[in-house]
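Quick one, fold the following:
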Amino acid sequence: MKQVFHSVTLDSEKCKGCTNCIKRCPNEAIRVRDGKAKIIKERCIDCGECIKVCPYHAKKAITDDFDRIFAFKYKVALVAPSLYVQFKDKPDVNAILTGILDIGFDDVFEVARAAELVTTATKKLMAEGALQKPVISSACPAIMRLIKVRFPNLIPNIVPLLAPIELAAWLAKEKAIIKTGLNPNDIGIFFITPCAAKVTCAYAPIGIESSLVDGSISMKDMYLRLLPVVKRIDNPKKLATAGLDGIGWAKNGGESSAMGSERHIAVDGIWNVIKVFEELEDEMLDDIDFVEASACVGGCVGGPLTVENSFVAKTRIPKVLENTELSPSPYRWSDVVNEAVKWKTPIEFAPVMKLDDDMSVAMQKLEELEEIAARLPKLDCGSCGAPSCHALAEDIVRGFAVETDCVFKLRERVRRLAMEMVDLEGTSFGQGRKKRKQ
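Residues are numbered from 1 along each chain as shown. Here you go, the predicted structure:
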């Protein structure tokens, strides 16, 4: 199976072998073996749940070091709208964007403006009746990966448009080429990311062969660099162009609000999303036109690489432009943008849960799996290092575990061995007495 880059990784030295991560992983992508967690890369969707729940900080997201931007002659920052609400004092958005220039970037591009263009494109497709309802937003890469591996029947429902980050990268690159005359390879496009999934998306993008994003910098890192700089800026450059419809994408429900559709649902939190998708597959939500799904609670403001509490950050979004003077955006809807925002490559089902490439062998393994699962206690305690008894049965069939990894099965075996030893000792003792009498 093709291996892909994952931002979510494990620091084995910090891992203590607890079972928090295996219980919270929505795709059963983690096991604990030999006292250490192990991430099954094929199953990982980079949702970041394990990062949030690990008490030892053994799970982390790989992002680019800030100094990597200096490998390029011209450096552009793609600014996620969730960055704005990390600041407590409601600073001028222009001050934040100016601060980004002051710490080393040559230009900035608001991803919120690209979000507004994606909204326009989505409305257009829905008005034309070109999408299968209910339409599922393609904005969250963790959700896209989830659909690929667990809900293939929902692939036709995904709106076939690039996420705002990819459209922003394309627009920013075109602007930089025209402005500087540089070779495209000399222009670095860096996304300030609130989550791990968007880091991975730069290496394994959705809807295109390769991403124009050259790197991803943690929002925590950028916030710490910007905080003292922004406070010193009195006369910021007028760089902000995105309105609340675009900035609102930072929170769950923001995209739906921009769409203006009454027949929509906005669901956040990966476990809630899974429940909704199961209902969609069972055709229980046929009165819904649009589904906005976010892996993180609260939307992007709840990403594992953010600083502020997501619930607090959400309350700041309506007020984020109070101190900001917006400039007219040079980026308007056009036929060129219309073509640029469309998928170039379709999403395909990634069957990571199959037991064997040979169907007949897979069926035999499935039968064996169910037999093993029936013998297990069905407590899903996680003590075996697998998230559930069924997952342990699957591991056994795949040759990655044995039945006595289950502490209850091990206890049964020890009890049987102890009884056999007692019986054996009793037999030996009786035979010894018989010989002495003779």
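
so Ile265, which of the three states?
Under DSSP: H, G, I helix; E, B strand; the rest coil, the three-state class of Ile265 is strand.

do the same with Leu410
helix.

so it touches Val402, yeah?
No - here Leu410 does not reach Val402: they are 9.6 Å apart, not a contact under C-beta atoms under 8 Å. For every residue, glycine as well, the C-beta is placed using N, CA and C.

Check the burial of Leu146 by counting its neighbours.
Residues near Leu146, counting by other C-beta atoms under 10 Å, number 23.

Oh, that last question was meant for Ile208, not what I typed.
Neighbours of Ile208 (other C-beta under 10 Å): 15.

Repeat that for the one 10 residues further on.
Using other C-beta under 10 Å, Ser218 has 26 neighbouring residues.

just Pro26 next, same as before
Per other C-beta under 10 Å, the neighbour tally for Pro26 reads 20.

quick one: contacts for Gly299?
Ser82, Trp249, Ala250, Lys251, Asn252, Gly253, Gly254, Asp268, Ser310, Lys314 (C-beta atoms under 8 Å, 6 or more residues apart in numbering).

Hmm, I typed the wrong one, I wanted Asp106.
Asp106 neighbours (C-beta under 8 Å, 6+ apart): Tyr74, Lys75, Val76.

Could you export those to CSV, including columns for secondary structure, pLDDT and distance to Pro377?
Shown next, in CSV, are those (DSSP: H, G, I helix; E, B strand; the rest coil; pLDDT from 0 to 100; distance: C-beta to C-beta, whole Å):
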residue, secondary structure, pLDDT, distance to Pro377
Tyr74, strand, 98, 61
Lys75, strand, 98, 57
Val76, strand, 98, 56
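
So which of those residues is the closest to Pro26?
Val76 (33.8 Å; C-beta to C-beta).

Please tell me I have it right and that closest one contacts Gly104.
No - with contacts counted by C-beta under 8 Å, Val76 stays clear of Gly104, the gap being 11.4 Å.

Have a look at those two and say which one is more surrounded.
Val76 (25 against 13).

Tell me where this structure is predicted with low confidence.
1-4, 426-438 (pLDDT under 70).

can you list the domain ranges for it.
8-61, 66-340, 354-438 (automatic domain parsing).

Including distance to Pro346, could these go into JSON lines?
Rendered in JSON lines, the data for those read as follows (distance: least, C-beta to C-beta, whole Å):
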{"stretch": "domain 8-61", "distance to Pro346": "19"}
{"stretch": "domain 66-340", "distance to Pro346": "7"}
{"stretch": "domain 354-438", "distance to Pro346": "20"}
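
out of these, nearest to Glu348?
domain 66-340 (7.2 Å).

now the end-to-end length of the closest one.
29 Å (C-alpha to C-alpha, to the nearest Å).
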